Each structure stands twice: as structure tokens, then as C-alpha cells.
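A.B. asks: Take this sequence and fold it.
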Amino acid sequence: MDARDRLFQQAMADCGAGVTRVAGSYVRSTAERDDLVQEIWLAVWRALPSFRGEASLKTFIFRIAHNRSVTELARRRTAHGGAGELETIEDNAPGPEQQLQDLRDAERLVRAVQQLPLGLRQTLTLRLEGLSYAEIAEVLGVSESNVAVRLNRARERLSTRLGGGRGK
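C.D. replies: The predicted structure is shown next:
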């Protein structure tokens, strides 16, 4: 196994689930997400020879994921403006009553996140993946202060939509 193969395997192990979640924040159906994930990993494979280590491997991969996702969104908007299905989220928590409540809460959260403007949705998703403000700024090509503003706006809008506003 050569260095590129080892690096790719490491990337998939370290960032695979995160890339899937990031892709899921850009599209609405599971099938679209899976297609996008494949496109992202192909782009990562192709880009690995140009990885110079100036940023972390995680940042490098999420930057590629972001770029491929934005490109795919733009392509789909010009081709057709149809909305996809909302992905079903499963929770393996014990107890059917708690499981149902957790599922309903998760679906409400996914719907609320999906309704955020793309810039807020991107920033929030990357933050939930554990990226620092500096890493998010690098991935999205914005300033760290813009990342902070976007996260605050996303939190405020989610709080309002989910009924957690100050007046309630």
C-alpha cells in the first residue's frame, strides 16, 4: 500500500462519518447524500497528491466536501429546482416511548437546520463536526469573525424555530 492509499484510508476512517453528515446538510434525500459522498471521496482521492500539509488533513477534506457540495447545489439548481425528501434519522435509545420522542425531536431539528440559509447551515454543520472557527473560516473562505456571526445567527434562528425563544 503506497502513501496515497494509506492517507486515503486514514482520511476515510477519521472523517467518513463527518463527510456524510456534511453532505447531508446540503441535500435532502438519502440517495442524493450518498451520491454526493461518493463524489466527495473521489475528489479527495484525486486531490491527495496536492495535499501539502499546510492545513490539517481534516480541514483539507472538509474544504473539498464543501466545494463539491456547493458545486452540486449549483448544478442541481440550474437543472431542476425540486426539493428532495427529508432524511429519516434513527435513534437507538432504549425504550420505545423515549425513542419516538427522540426521533420527533431530531426530525424537528433537521427540518429547522435545513430551513436555515445555506451560509448558516454550512457554518453550523462544520462546527458540529468539531472544526474550530479558524478551520471553518478556511473551509468556507470567510473571516473568523464572520464564522462567529453566522453561528450566532444560526443559533438564534434555531432557538426561535424550535420554541426556545426568550419569551417562552
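A.B. asks: Name the nearest residue to residue 134, ignoring sequence neighbours.
C.D. replies: residue 144 (5.8 Å; Cβ to Cβ, 6 or more residues apart in numbering). The way it works is simple: take the backbone N, C-alpha and C, and place the C-beta from them, glycine included.
A.B. asks: burial count for that neighbour?
C.D. replies: 14 (other Cβ atoms under 10 Å).
A.B. asks: Next, name the residue at the spatial heart of this protein.
C.D. replies: Nearest residue to the geometric centre of the chain (Cα atoms, centre = their mean): residue 22, 1.9 Å.
A.B. asks: mind giving me the domain split of the protein?
C.D. replies: Domain assignment for the chain by automatic domain parsing gives 1-87, 90-168.
A.B. asks: Make TSV out of these and add mean pLDDT.
C.D. replies: Formatted as TSV, the domains of the chain follow (pLDDT from 0 to 100):
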stretch	mean pLDDT
domain 1-87	84
domain 90-168	83
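A.B. asks: CA-only coordinates of whichever strand or helix holds residue 21, as CSV, when you get a sec.
C.D. replies: Using DSSP states H and E, residue 21 sits within helix 3-26. The C-alpha atoms that make up helix 3-26 are tabulated as CSV, following Å, rounded to 0.1, in the frame of the first residue of the first chain:
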residue,chain,number,x,y,z
ALA,A,3,1.4,6.6,0.9
ARG,A,4,-1.6,7.9,-1.0
ASP,A,5,-3.6,4.7,-0.2
ARG,A,6,-2.6,5.0,3.5
LEU,A,7,-3.5,8.7,3.6
PHE,A,8,-6.9,8.0,1.9
GLN,A,9,-7.7,5.1,4.3
GLN,A,10,-6.8,7.4,7.2
ALA,A,11,-9.0,10.2,5.8
MET,A,12,-12.0,7.8,5.4
ALA,A,13,-11.5,6.4,8.9
ASP,A,14,-11.1,9.8,10.6
CYS,A,15,-13.6,11.9,8.6
GLY,A,16,-16.0,9.4,6.9
ALA,A,17,-19.0,10.0,9.2
GLY,A,18,-18.4,13.7,9.2
VAL,A,19,-18.3,13.9,5.4
THR,A,20,-21.5,12.0,5.3
ARG,A,21,-23.2,14.4,7.7
VAL,A,22,-21.8,17.5,5.9
ALA,A,23,-23.1,16.1,2.6
GLY,A,24,-26.4,15.5,4.2
SER,A,25,-26.7,19.2,5.2
TYR,A,26,-26.5,20.2,1.6
